[in-house]
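**Q** got a predicted structure here, sequence first:
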Amino acid sequence: MKRIAILLIGLLLVSLAIPVGAQCPSEGRTVVLKAPAVSKTPDGRLVGVATEFVITVAPGSGHVYVETWPLSEVDMQASARLAAQIAGKVTGKDMSKYDVFIQVKADTPIIGGPSAGGTMTVGIIAALEGWKVRSDVMMTGMINPDGTIGPVGGILEKASAAASVGAKLFLIPMGQRIQVVEETQKRNIGGIVQITTTSRKVDVVKYAKERWGLEVKEVSDIYEAVYYFTGKVLPKPQPPANVVIDTSFLRDDAQNDYRNTTLYYQKTLEKLKNSNVDYSTYTVLKDALDQAKSILDSAKSALDSGMYYTALSKDFQARIVIRHVDWYISVNSPEDVEALLNKVNREINQTEKFVSSKQIRGITMLQAIAAAEERVEDAKESLKEGWKYFYSGDYWNAVDSAAYAYERAKTARFWADLGERFASGEVIKRDELKDTARNYIDESSLIVTYIESMYGNVIGNDLTETIEKAERYYSDGKYSAAIFTAMEARVRGEVFLDTLGIDNVTVLREKLAQTKEAAKVAIGIAQMNGLHPLLSIAYYEFAESYEKGNTTSDLINAMIFYQYARESAGVFLMKAENVSVSSTPSVPKIPVESTTSTPKTTSSKSTNPAGTTSICGPGLVILFAVLPLIKRKKA
């Protein structure tokens, strides 16, 4: 009895410790949705698992509370926070006046994380608006900051889970209809076990219909998803009918840059011919300059085609090679290399002061300064590598890293100056980006962890190291650099999921067309909000240069840069003032049945006129009280 009394006192103290803003959810609305997930078996196989989301939105002060039972292998907190933000954005609700309570129930530990982001967003929107949701609809897909539905893994396993609990409609991210399945066969030949693995493409729409009678639909954004779940139409921001993506604002820069880089190439070629390097060194350096000349020819072609950012990027690539040759001819001793590294260090420090001294006026300038600050940090990282090479006696690579760092610092100055040309509006302080940086790091980290949980270390440590780099920038107060570095990890993770196992150029081009259109829409919406998304337009054009290629590598690089364009178009949009975006209903072409779910809960409840359920109970309040959501080579 004494232990029970102590426990009851403890629970009472916990309940009293609830933040004042986190009000009893009996004042809000609750919806219940089923969602598919995957679980990993002891032998490493992925199996589908049905989960239940109980989502309550109540008057409060902007907190998001998450509880999973049993525990999810990947934390859902960052995804839940983003879901709440997007729900507020598309409904026009001020989420600082609401608390969101999310309870996830499953029969086995699941790999959660970002794949339930779309489902959580739908649930929060339905609770905010008091809409009923269909009990026979399920969905998988990440929620992106712009409201689009991002790719996930385990589509086939999740379709199986949806069918097992009676779902009639299963929503998946746009472009993920075709899945690649690895089949392993074992044959015993004369006592020797032969193992062969083959890849087979599966059309999820046809397979699910044939096997389970389950209808599978691809959805591109949260607006479509909400319609299928509720039958309600949310006004959707529409870009201009004809979005103009034009990099002519870079024409003069590109022409001057090409001219200067060509002169630098010619001078360095003459310097090499007049040098006293031996035959083997001469051959290596001449081959490098030939490579630079080939890149310069590509830059000239881009320039003539009006692709000015692509020309600048090609010049940048060529200049790294040229400077490497130029400097390598000039150094004759370890002391010379050390002096060279110190020279580059001074250049970076001066550039950093130059960029930091810029007063940011308006969102357009903010984007350019953010790009400049990220490039300064990139230059520092390269110089750090240069010093490592130097101390290990590898002077060739030390000079190479120094050349890259120097040219990267120069591009930082370029973007800072470019931003100043477009300066307009009120002054924006750099610290205002702190929350945006934190969100981007958390969301990107979630995607990386999700990929590793699903597929192991299939893409090496690159993404994890990128997240760690973003965290360092954040700790140092370099919020712009943290945002763009985390964005890189996010984009590359999403493209990995979207292209997993696909080596067919035709299929990749179909996905590429969808990604390109999404980038174009994002740029159009940014322009309608009075922004001139310099970076997005530049990345869009650079993606087009890759799109002209015919290899899978070219197409995947094009997808990456279109994704950069889409993400960077909207990353600072929330800071835009006097937003005025025309909206029109976005309605998918199939009717929605009137079937709705009947939420069930063991706590006291009352049904409000909107048809959703309000819940409250000491157990739920105590539970949620202790589970707050804590808030190389482009120019």
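**A** Thanks, I have it. Numbering: from 1, shown residues only.

**Q** which residues does the one residue sitting closest to the centre of the chain contact?
**A** Centroid-nearest residue in the chain, with CA atoms, centre = their mean: Arg490, separated by 3.0 Å. Taking CB atoms under 8 Å, 6 or more residues apart in numbering, we find Arg490 in contact with 440, 443-444, 447, 567. C-betas here are computed from N, CA, C, even on glycine.

**Q** neighbour count and distance to Ser382 added to those, as CSV?
**A** Converted to CSV, those look like this (neighbours: other CB atoms under 10 Å; distance: CB to CB, whole Å):
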residue, neighbour count, distance to Ser382
Tyr440, 27, 23
Glu443, 23, 27
Ser444, 27, 22
Ile447, 31, 26
Glu567, 25, 24
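
**Q** for these, work out which two are farthest apart.
**A** The most widely separated members of these, counting by CB to CB, are Ile447 and Glu567 (12.3 Å).

**Q** circling back: for the contacts of Arg490, which one is nearest Ser115?
**A** Nearest member of those to Ser115, counting by CB to CB, is Ile447, at 9.8 Å.

**Q** distance of the closest one from Ala486?
**A** 10 Å (CB to CB, to the nearest Å).

**Q** swap in Val399?
**A** For Val399 relative to Ala486 (CB to CB), the value is 31 Å.

**Q** ok, now Asn557?
**A** Taking CB to CB, one finds Asn557 at 20 Å from Ala486.

**Q** quick one, which of these two is more surrounded?
**A** Ala486 (29 against 18; other CB atoms under 10 Å).

**Q** so what pLDDT did the more buried one get?
**A** According to the prediction, Ala486 has pLDDT 93.

**Q** all numbers from here: first residue = 346
**A** That works, and once the first residue is 346, the last one we named lands at Ala831.

**Q** after the helix or strand where it lies, which helix or strand is next? Please name it.
**A** Here Ala831 sits within helix 824-844, counting by DSSP states H and E. Using DSSP H and E, the helix or strand that directly follows helix 824-844 along the chain is helix 850-873.

**Q** beyond that following helix, next helix or strand please.
**A** helix 879-892.

**Q** check which residues of the helix ranked longest in the chain are buried.
**A** For the chain, the helix with the greatest residue count under DSSP state H is helix 708-736. Buried residues in helix 708-736, counted by 16 or more other CB atoms under 10 Å: 708-728, 730-732, 734-735.

**Q** do the same with stretch 679-686
**A** 682-683, 685-686.

**Q** quick one: residues in contact with it.
**A** So stretch 679-686 is contacted by 672, 675-676, 728, 731-732, 735, 738, 740, 743-744, 747 (CB under 8 Å, 6+ apart).

**Q** repeat that for 7 Å
**A** 672, 676, 728, 731-732, 735, 740, 743-744, 747 (CB atoms under 7 Å, 6 or more residues apart in numbering).

**Q** try stretch 636-650
**A** So stretch 636-650 is contacted by 599-600, 603, 606-607, 610, 655-656, 659-660, 662-663, 666-667, 890 (CB under 7 Å, 6+ apart).

**Q** distance from the chain centre to that stretch, please.
**A** Put simply, stretch 636-650 sits 31 Å off its chain's centre (CA atoms, centre = their mean, to the nearest Å).

**Q** only alpha carbons, please: show it as CSV.
**A** Output of stretch 636-650 as CSV, limited to C-alpha atoms (Å, rounded to 0.1, in the frame of the first residue of the first chain):
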residue,chain,number,x,y,z
GLN,A,636,40.7,18.6,-68.8
ALA,A,637,40.2,22.2,-67.8
LYS,A,638,40.0,23.3,-71.4
SER,A,639,37.3,20.7,-72.1
ILE,A,640,35.3,22.1,-69.2
LEU,A,641,35.8,25.6,-70.5
ASP,A,642,34.4,24.5,-73.9
SER,A,643,31.3,23.2,-72.0
ALA,A,644,31.1,26.6,-70.3
LYS,A,645,31.2,28.4,-73.6
SER,A,646,28.4,26.2,-75.0
ALA,A,647,26.3,26.9,-71.9
LEU,A,648,27.0,30.6,-72.3
ASP,A,649,25.9,30.6,-76.0
SER,A,650,22.7,28.7,-75.0
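
**Q** what residues of that stretch count as buried?
**A** 637-638, 640-641, 643-644, 647-648.

**Q** same check on stretch 377-397?
**A** 377-385, 391, 393-397.

**Q** and if you look at stretch 772-780?
**A** Here stretch 772-780 shows 773, 775, 778 as buried, counting by 16+ other CB under 10 Å.

**Q** is Val547 in a helix, a strand, or coil?
**A** Reduced to three states with DSSP: H, G, I helix; E, B strand; the rest coil, the structure at Val547 is strand.

**Q** thought it was touching Arg522?
**A** No - the criterion here is CB atoms under 7 Å, and Val547 misses it with Arg522 at 9.4 Å.

**Q** of the two, which one has the most company?
**A** The residue with more neighbours, out of Val547 and Arg522, is Arg522; 18 against 15, by other CB under 10 Å.

**Q** pLDDT wise, what is that one at?
**A** In this prediction Arg522 is given a pLDDT of 90.

**Q** let me see the contact set for it.
**A** Contacts of Arg522 (CB under 7 Å, 6+ apart): 548-550, 563.

**Q** pull out the buried residues from these.
**A** Of the contacts of Arg522, these count as buried by 16+ other CB under 10 Å: 549-550, 563.
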